[in-house]
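**Q** Got a sequence here, can you build the structure:
(2 chains)
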Amino acid sequence: MPEADDFDMFYAATSRRLVRQIFAMTGDLSEAEDAVQEAYIRAWRRWPRIRAYDDPEAWLRVVAYRITVNSWRKARNRLTAHRAGRHPELPGLSPDLVALVSALRKIPETQRRAVVLHHLVGLSVEEIAHETGAPTGTVKARLARGRRALAPLVSELDDSPQPGATIAQRKSKFDREEHAHA
Amino acid sequence: MPETLSTQLAGLAGYADCNASLGPAAALRGRATRRTARRRGGAAALGGSALAVAISLGVTSTGVVGPAHSTPSSSQGSVQSPGSVRLTAYQATVLAKAHVTKANMAVLKKMRLTPLQIKTLAVAYRTAQQIAGAGGSDKQLTVAEIAAVVKVKLTVAQLAALGYANMTVDQIEAIAKADLTAAQLAALGG
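**A** Okay, the predicted model is just below:
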């Protein structure tokens, strides 16, 4: 069955990359796995059409992202009351990356998506605008705001970098500053 | 050496790479196929149910709304009583199975029915289920019960969308126009 072989090859080549990207957008690995697999299930049901797209992987990324956003919304309504502030464990993740995940979770999902698409996936502003359906000006603003929010954690974006400081140390400074603003 | 945002995100990606566990592609294809089959089954059940509701309106093969009931089984020898409206065991079974689940609702939404039409259809199904009874055996219908069933006022296009591929235009139009009052039904019943 050539269609199945084609799909299987595409899955093998792209699925792990998509999990990486969705994980960076959500900070929840199991949710990223579920969303990506669900996206591939949907893709197989309309594979003859999707395989003809210029970039089927982009279609899958959009679908997987929407699945996670929908499940967030459901989960938020259902669990906010007793799970506020709790996030899934990420065993084995270095403190620096835990700090980054935590910081990413604090910025709005539209900014987080723009940051990941630009800095991890490597899309240009125009490509992000095309994928997210937002005007390029909006994408630029989201990227700028997202970077600004993450600046205390990232040397290249920080106005006053502290040589030798780890991300976790910068994160605690970030948290202190946020507390002070609050 | 300062870490860039891209480098840090790549670190996150590396973590996902090491820890993610994905099922094989064949398993996902299997799930997709099963899901499609389930949805098709649901749609078919709905089509059957809608047909049963239409049959309960008493549409003859010539497109005339007449005394109910003409059904697949009645054409094979079941006696039609001119003075009563009857459900055959076949119709009753189909209607009894017509639970309007969330999946069915989704199918109905895809048929471009409005929420009000879907709600009306759901009410009609439930009414028909109550009429059919638990045993699904033939049963005399009261005028009020039939009036509840024919409250489903569908247009020709909607009926066509419901999958009446084997019906003539006249028959579809007859059903669409079958906004019968209780008195009319009583008159039809003889």
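**Q** all contacts plus neighbour counts: C-alpha atoms, from now on.
**A** OK.
**Q** and stretch A:136-143 with chain B, contact?
**A** No - shown here: stretch A:136-143 not in contact with chain B (Cα under 8 Å from any Cα of the partner chain), separated by at least 12.0 Å.
**Q** List the buried residues of that stretch.
**A** Neighbour counts over stretch A:136-143 (16 or more other Cα atoms under 10 Å in any protein chain shown) mark A:136, A:138-140, A:142-143 as buried.
**Q** Next: stretch B:22-29.
**A** B:25, B:28-29.
**Q** Could you export these as JSON lines, including distance to residue A:107 and secondary structure?
**A** Listed next are the buried residues of stretch B:22-29 as JSON lines, based on distance: Cα to Cα, whole Å; DSSP: H, G, I helix; E, B strand; the rest coil:
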{"residue": "B:25", "distance to residue A:107": "34", "secondary structure": "helix"}
{"residue": "B:28", "distance to residue A:107": "33", "secondary structure": "helix"}
{"residue": "B:29", "distance to residue A:107": "36", "secondary structure": "helix"}
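**Q** of those residues, closest to residue A:50?
**A** residue B:29 (14.6 Å; Cα to Cα).
**Q** just to revisit the earlier point, just the buried residues of stretch A:136-143: which are in helices?
**A** The helices, defined by DSSP state H, take in A:136, A:138-140, A:142-143 from the buried residues of stretch A:136-143.
**Q** could these go into a markdown table alongside pLDDT?
**A** Converted to a markdown table, these look like this (pLDDT from 0 to 100):
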| residue | pLDDT |
| --- | --- |
| A:136 | 93 |
| A:138 | 95 |
| A:139 | 95 |
| A:140 | 95 |
| A:142 | 94 |
| A:143 | 94 |
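**Q** would you turn the residues you listed into a markdown table with distance to residue A:16?
**A** Formatted as a markdown table, the entries for those read as follows, by distance: Cα to Cα, whole Å:
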| residue | distance to residue A:16 |
| --- | --- |
| A:136 | 28 |
| A:138 | 29 |
| A:139 | 26 |
| A:140 | 28 |
| A:142 | 26 |
| A:143 | 25 |
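**Q** Which one of these is nearest to chain B?
**A** Nearest to chain B out of those is residue A:143 (Cα to the nearest Cα; 12.0 Å).
**Q** so the closest one touches residue A:119, yeah?
**A** No - counting by Cα atoms under 8 Å, residue A:143 does not reach residue A:119; the two are 9.7 Å apart.
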